[in-house]
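Visitor: Sharing a sequence plus its predicted fold:
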Amino acid sequence: MPAITDVRPAVVIDDVTMVYTVTSTGSDAEDQVSGPRRVLRKALGRPPIVNNQALTDVRLLIEQGEFVGFIGRNGSGKSTLMNIVAGQMNATRGRVWAVDRPAKLGVNVALVPALSGDRNIRLGCLAQGMNPRQVDEVFDDLVEIAALGKALHWPMKAYSSGMAARLRFAVATATNPHVLILDEALSTGDAQFQARGQARMHEIRENAGCVLFVSHSMSEIRQLCTRVVWLDDGEVVMDGDTDEVVDRYDEYMKMLAAGNLLSARSYRDERAAEYQPPTWVGAHR
Ligand SMILES: Nc1ncnc2c1ncn2[C@@H]1O[C@H](COP(=O)(O)OP(=O)(O)OP(=O)(O)O)[C@@H](O)[C@H]1O
């Protein structure tokens, strides 16, 4: 493992743990609220509040120029981690540092449904701190990335979900963000958009940025990512070479699909036992 002084960190995820609290109507649910509040909730017939641990001590170092894929079953914690890195929610424990404010598709800029695509491109760029001259410089490129044809001049509310996704993608990448987070971002687009989107993401990475990319499409992950993190049950199971991690994950998913739950569990646990998190002086843990 390289020492932190040898690398150019873009994002440091320092032992992030996330515990959600949810109300549960399960008959065996034990209220995890304590003291008078618990008594009061019971008296009022309120359902128990239970903890749901979505991430456990996730520690990752992502360098500039990396294109990191995040894979894992439904509910493994991928979106929670992306939301924490994007600053959309606070971790229960642990910290995240990033060289620049991460841009998460669809979050940093609120587009206006009543406005046309071209107006939204301008507005979205201004909202991200660009000045009108900078917007003019990138406008044509963004129109090309969004590839909306005549719909560019229609109100956004008339767009299909794929068309809206293209527009959001174009606007989110306008500022050449240093840290770009894409959570299932290409999945609603067609093949043409996926190709343009992929080319744009490569450009961002080449400009010393990094991309954090969540997808259930293993072909997309294999095609795009320089490194892959496999999350399961909120923990990192593997982190490394794309093909190696995806091969192991595929194997695991095949075992689950075949109903070999015990073999799948021990296969996953063996991988997790082999995994070594990065270390640095002053780590949170
Ligand atoms: N707002 C929330 N409140 C309570 N629990 C939540 C909330 N959001 C997510 N969770 C829980 O956190 C865990 C991780 O969910 P998350 O959405 O991060 O997984 P994911 O890997 O992105 O899943 P998917 O592949 O289905 O998108 C799950 O157990 C989920 O139920």
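Guide: The structure has been received and is ready for your questions.
Visitor: Could you identify the helix or strand that succeeds the helix or strand where residue 51 lies?
Guide: Using DSSP states H and E, residue 51 maps to strand 49-63. Sequence-wise, the next helix or strand downstream of strand 49-63 (DSSP H and E) is strand 67-71.
Visitor: Just after that next one, pick out the following helix or strand.
Guide: Downstream of strand 67-71, the next assigned helix or strand under DSSP H and E is helix 78-85.
Visitor: The ligand contacts on this protein?
Guide: Applying C-beta under 6 Å from any ligand atom, one finds that the chain approaches the ligand through 20, 22, 52, 54, 72, 74-80. C-beta coordinates here come from the backbone N, C-alpha and C atoms, glycine included.
Visitor: Which of those ranks first by neighbour count?
Guide: Greatest neighbour count in the residues of the chain next to the ligand, by other C-beta atoms under 10 Å, goes to residue 78: 26 neighbours.
Visitor: Confirm for me that that residue is in contact with residue 214.
Guide: Yes. Taking C-beta atoms under 8 Å as the definition, residue 78 is a contact partner of residue 214 at 4.7 Å.
Visitor: Quick check: neighbours shared by the two?
Guide: Shared contacts of residue 78 and residue 214, defined by C-beta atoms under 8 Å, 6 or more residues apart in numbering, are found at 70-71, 183.
Visitor: possible to save these as CSV with pLDDT and distance to residue 133?
Guide: Formatted as CSV, the shared contacts of residue 78 and residue 214 follow (pLDDT from 0 to 100; distance: C-beta to C-beta, whole Å):
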residue, pLDDT, distance to residue 133
70, 97, 37
71, 97, 41
183, 82, 32
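Visitor: ok, for residue 91, nearest residue in space, not its chain neighbours?
Guide: With C-beta to C-beta, 6 or more residues apart in numbering as the criterion, residue 91 has its nearest non-adjacent residue at 4.6 Å, and that residue is residue 16.
Visitor: unless I'm mixing things up, residue 234 is touching residue 53, no?
Guide: Yes. With contact defined as C-beta under 8 Å, residue 234 counts as touching residue 53 (6.0 Å).
Visitor: That concludes my questions; thank you for your assistance.
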